[in-house]
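K.L.:
When you get a sec, could you give me coordinates for this:
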Amino acid sequence: MKTKRYITIAVAAGLVLAAAMTASAASTAFEGKIFDPGHLKPRDSLLKVKAGDEAPDFKLPAVYGEPVQLSDFRNRKNVLISFVPAAWTPVCSDQWPGYNIIKDLFDAHDTVLIGITTDNRPSQHAWIQQMGGLWFPVLSDFWPHGEVAERYGVLRSDGTTERALIFIDKAGRIHHTHVEDINVRPKLELIMEQLGRLKR
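P.N.:
I've put the predicted structure just below:
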């Protein structure tokens, strides 16, 4: 039993290191193309959802493919919604490429990852291409501007979103919420821990 635990910890540590290296490579790929907003107010909204609540449903256009509706995953998949503030900004451009490394972890926990920003789709498309592609759907909450983010309580006063993670179980209920300091990338260990707590 201990051996299995140590192997799991070692694998997790390897994934974190690999993701950090991927993020570093992404930063280099973006050199000279990123808008640096400077240090921002860590948090600028009041969360409207909590663990145990039914997750507010939504249907948003995806950069690629058909629009995505949250309720389509009910009774089929767990969901992690990753709200990030804006395309073409430093921390966001490090955060999402790191999730490419841990796709197997999402698969193992029967969880779909959905990325959301308030940018329009052309901007998101160019950004995703610059990141070398992402395995998960990226949705545009551009119009009505920030409507979904506002429903969850993560829309900031400047029209961007908080850097937030919303974990939703297969029953469509919120399992865990995490709003990070907007200037900081959420730790992958947090995602690994919460995925482990969702029922497969």
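K.L.:
wait, what's in contact with Val49?
P.N.:
By CB atoms under 8 Å, 6 or more residues apart in numbering, the residues touching Val49 are 55-56, 152-153, 166, 174, 177. All C-beta spots, glycine's among them, are computed from the backbone N, C-alpha and C.
K.L.:
for Lys103, that is, sorry about that
P.N.:
Trp135.
K.L.:
same check, this time on His175
P.N.:
51, 78, 167-169, 194, 197-198.
K.L.:
in what helix or strand does Ile81 lie?
P.N.:
strand 78-83 (DSSP states H and E).
K.L.:
can you pull up the bridge partners for the residue most central in space within the chain?
P.N.:
The centroid of the chain falls nearest to Ser82 when counting by CA atoms, centre = their mean (2.2 Å). Assessed by DSSP bridges, Ser82 has beta-bridge partners Gly115, Leu165.
K.L.:
begin at 421 from here
P.N.:
In the new numbering, first residue 421, that becomes Ser502.
K.L.:
Against Lys468, how distant is it?
P.N.:
17 Å (CB to CB, to the nearest Å).
K.L.:
Lys461 touches Ile602, doesn't it?
P.N.:
Yes: assessed by CB atoms under 8 Å, Lys461 is found in contact with Ile602 at 7.4 Å.
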